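Q: Sequence and computational prediction follow.
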2 protein chains.
Amino acid sequence: MKAVILTIGDEVLIGQVVNTNAAYLGKELFSIGIPAVKTVTLPDSEKEILKEFKTAYSNYDVIIVTGGLGPTHDDITKHCVAKFFKAKYVLDEKVLERVKKVFKRRNIPMPAVNIGQALVPDAGIALENKAGTAPGILIDKGGKVFCVMPGVPFEMKYISRTWLIPYLKKKYSKKLTRVIKQKTLHSIGIGESLLSVRIGDLGKIVRKGKGFEVKLAFLPSNYEVRLRITAMAGSIKTADDLIKKAVKKIISAAGGFIYSDNESSIEETVGRILKRRKLTISAAESCTGGLITSKLTDIPGSSDYVMDGIISYADSAKVRLLGVKSISIKKFGAVSRQVAEQMARGIRKRSKTDIGVSATGIAGPGGARKNKPVGLVWIGYSDKKITFAKDFIFTKDRLRNKDAMAKMALEVVRRRLLSINN
Amino acid sequence: MKAVILTIGDEVLIGQVVNTNAAYLGKELFSIGIPAVKTVTLPDSEKEILKEFKTAYSNYDVIIVTGGLGPTHDDITKHCVAKFFKAKYVLDEKVLERVKKVFKRRNIPMPAVNIGQALVPDAGIALENKAGTAPGILIDKGGKVFCVMPGVPFEMKYISRTWLIPYLKKKYSKKLTRVIKQKTLHSIGIGESLLSVRIGDLGKIVRKGKGFEVKLAFLPSNYEVRLRITAMAGSIKTADDLIKKAVKKIISAAGGFIYSDNESSIEETVGRILKRRKLTISAAESCTGGLITSKLTDIPGSSDYVMDGIISYADSAKVRLLGVKSISIKKFGAVSRQVAEQMARGIRKRSKTDIGVSATGIAGPGGARKNKPVGLVWIGYSDKKITFAKDFIFTKDRLRNKDAMAKMALEVVRRRLLSINN
């Protein structure tokens, strides 16, 4: 079972609209075991559309089209469908009623063009669209399913959820012998290639056998790497087992770097640990400018473990608000192990929290010193038992640095709380 | 001149990643008059990729490929390029140096797999990637341009901006007769429809004539509305003039709401005003959790006007760190005009800055009180002459609220500094 997704609309091609429909449908199709093996975006051109319909129809089992069903002149998708299937239009009374109702509710007389929306090519059936006026169209011919939906995301989603996906599940229930399961592991503070070195022989994880397959994908983004494990098998149980085995192998090899196996962010992960252990935290921030506490407070209920935070951007603020020794700043510089440790200890004591974390670094583009390049950050950590600091070097880009430095500060907390030494 | 964009990666097909690269490139290509007439997303499959390369190469002038250039086993794009062009690999010393440097910067030994990133098919040239390790590849053959870039958005953008787009402009300069110029105005704190009412007769702005056209698009996103003006004409000068005229009309009608006409963010705009007037600012944050100061410090050189900031998440912190009166919190609640004003005055005095700004609100999902719904925020402002607070209501979504509230706080500062009363 192979599907193709065709998106129609100039606005998508020229980047006025990001194609979220393809992503949504791709996910839905993948989850029921009919993966989209190709998506194509086309202009509002009859020639191009008909050409693509032909290719798609002869190569795939399921063809899904979105866009170009509106009432205006540039919406030609339905016209192309009728032409492609050599179909006549029939007026769908139910659809007409709906369209009329929509305008009635808005107290607007229905423009004549909208009657056209109730015309359906007799090759297929109309899929009711309670989220808008243009119905979807489903054509089931020669064992192939051809479905057209509006481009407006919430209308497309409504029709897909209500009609298309259930229809496909039912139709192909016997043929869908292959189950696909996925799991994504999140890591931070280690590069894609180093992580793969840590994991070691991928052959032990990436496997293909009779009726089953396990894939592993590395998805890097700003010093985070997501590891996506995909298992295909004949039954849900087998697929789940394959995933479990792969996860076990990865965790045993690089567990310390994996902060999440359930799509939760580092701030969510750290928040959960703090909540569970009834610990409180406060951050003293220089280069991150408040981003550490902002991330912590992105999580609902974070008021259980965050009471306040200090942004000490200027050296004087580090002294005044956190009790950092001026002499230390003079002697070692504001970006140093000593200052990071004093910041972490200072915020912990002044905020009376169990944990204090700090970040002092050079976000860039300016501010580099001898042996202190842009991207360098000292992360400080302090609790009742221990106070320490670690240095990391990230990029030359200010915003990416702030984000990576804030995440790394939270990762340092996580590793300490779980006694992980990488 | 016709272009096609090929995106490679299973993660895009199954909807784990939304294809923003195609949108970005579509916009860039459109702006230089080489519109993408088709975009295709392909799986990490040699067979599928080679098949599509063939089709693309025989139908379009410019073929742009993104994704699958990483160092790991599932990155096969470069291999397919070499195969398609029957090219041998040559080691690009410059690229190797860069890759080595990246690891050196981070004090990490370079894994062997990364050497592969310096191998370039001899059919083309390597495009230096200062944003990452994988270079782009450009092949100019038989009047056609074939360009491969990494899938990581900021790396792709770097290579496109630095190499691809300039190259295409130069190569096709004679053939490109239609000039397209765009300008985007940014507003915040006013709805799309209200803004259009303010602007008035759009017919005076949106025009079409012999050889020229002016379009206006309203692009709303989380309480910001971007007004994108597009001018098409035969010469750069004409297009620029058309844009200038349209901008003038909009500014004269709704100027107070427009904080930027040069893609600069609200934090950049406010920063520029503060710098010009040699003013300093500090923020006292509750619901925004540090995001106001984080945004302010997103701007290079912000240390000229930001020294520190306080995050007073808990009521006790508002009293201890900002001198808010407990009685005011008891009497009016933490989310109130009185507390917002005391927070703004408190931070201004304690930080000894010219301006103090504050935000206290209900980010959600919990925390709503009688007459105090989720999304409500009181923004406080204080300088030597005046202290006041304004309330706004945003959404039910926590993260969107934090972002909108932080931006609105900066907009309140901007309007005050420019004596704008909307």
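A: Happy to help now that I have it. Numbering: from 1, shown residues only, chains lettered A, B, ... in the order given.
Q: Pull up the residues of the stretch 1-150 of chain A that are close to chain B.
A: Applying CB under 8 Å from any CB of the partner chain, we find that the stretch 1-150 of chain A lies next to chain B at A:12-20, A:22-28, A:30, A:35-43, A:48. C-beta coordinates here come from the backbone N, C-alpha and C atoms, glycine included.
Q: Buried among those? Make that a PyMOL selection.
A: Applying 16 or more other CB atoms under 10 Å in any protein chain shown to the residues of the stretch 1-150 of chain A next to chain B, the buried members can be selected in PyMOL as follows:
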select buried, chain A and resi 12+13+14+15+16+17+18+19+20+22+23+24+25+26+28+30+35+36+37+38+39+40+41+42+43+48
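Q: Can you tell me how far residue A:218 is from residue A:200?
A: 14 Å (CB to CB, to the nearest Å).
Q: what about those two, which has more around it?
A: residue A:218 (22 against 13; other CB atoms under 10 Å in any protein chain shown).
Q: Now the helix or strand hosting that one: buried residues?
A: Assigned by DSSP states H and E, residue A:218 falls within strand A:212-221. Within strand A:212-221, the residues scored as buried using 16+ other CB under 10 Å are A:212, A:213, A:214, A:215, A:216, A:217, A:218, A:219, A:220.
Q: ok, the closest residue to the last one other than its chain neighbours - how many residues close by?
A: Counting by CB to CB, 6 or more residues apart in numbering or on different chains, residue A:192 is the residue found nearest to residue A:220 once chain neighbours are left out, at 4.5 Å. The burial count assigned to residue A:192 is 22, neighbours taken as other CB under 10 Å.
Q: if I pick residue A:192, what's in contact with it?
A: Applying CB atoms under 8 Å, 6 or more residues apart in numbering or on different chains, we find residue A:192 in contact with A:218, A:220, A:225, B:70, B:71, B:72.
Q: Which two of these have the greatest separation?
A: Distance extremes for the contacts of residue A:192: the farthest pair is A:225 and B:71 at 11.7 Å, using CB to CB.
Q: re the thing from before, now do the strand holding residue A:218: distance to the chain's middle.
A: In terms of CA atoms, centre = their mean, to the nearest Å, the centre of strand A:212-221 is set 15 Å apart from its chain centre.
Q: Which neighbouring elements make contact with it?
A: Counting contacts by 3 or more CB pairs under 8 Å, 6 or more residues apart in numbering or on different chains; DSSP states H and E, strand A:212-221 packs against helix A:192-199, strand A:207-209, strand A:224-233, helix A:236-254, helix B:10-13.
Q: looking at those, which is buried most?
A: helix B:10-13 (a mean of 25; mean count of other CB atoms under 10 Å in any protein chain shown).
Q: is that one anywhere near chain A?
A: Yes: contact of helix B:10-13 with chain A (CB under 8 Å from any CB) involves B:10, B:11, B:12, B:13.
Q: Alpha carbons of that helix, as CSV, please.
A: The C-alpha coordinates for helix B:10-13 follow below in CSV (Å, rounded to 0.1, in the frame of the first residue of the first chain):
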residue,chain,number,x,y,z
ASP,B,10,11.6,10.2,5.4
GLU,B,11,11.1,12.5,8.4
VAL,B,12,9.4,15.0,6.1
LEU,B,13,7.2,12.4,4.3
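Q: Return the list of helices and strands in contact with it.
A: helix A:20-31, strand A:36-42, strand A:212-221, strand B:36-42.
Q: which one of these has the lowest average pLDDT?
A: Mean pLDDT is lowest for strand A:212-221 among these, at a mean of 88.
Q: Direction included, what does it pair up with?
A: Here strand A:212-221 is paired, per DSSP bridges, with strand A:207-209 (antiparallel), strand A:224-233 (antiparallel).
Q: Tell me which helix or strand comes right after the lowest-mean-pLDDT helix or strand in chain A.
A: Among the helices and strands of chain A, helix A:93-105 carries the lowest confidence by mean pLDDT, DSSP states H and E, at a mean of 85. Tracing the chain past helix A:93-105, the next element assigned as helix or strand by DSSP H and E is strand A:119-121.
Q: next helix or strand past that following strand?
A: Defined by DSSP H and E, the subsequent element after strand A:119-121 is strand A:125-127.
Q: any residues touching the helix or strand just after that following strand, and which ones?
A: Using DSSP H and E, the next helix or strand after strand A:125-127 towards the C-terminus is strand A:136-141. The contact list for strand A:136-141, computed with CB under 8 Å, 6+ apart, reads A:69, A:78, A:81, A:85, A:120-121, A:123-127, A:129, A:145-150, A:159, A:163-164, A:167, A:171.
Q: of those, buried ones?
A: The neighbour count (16+ other CB under 10 Å) marks A:69, A:78, A:81, A:85, A:120-121, A:123-127, A:129, A:145-150, A:159, A:163-164, A:167, A:171 as buried among the contacts of strand A:136-141.
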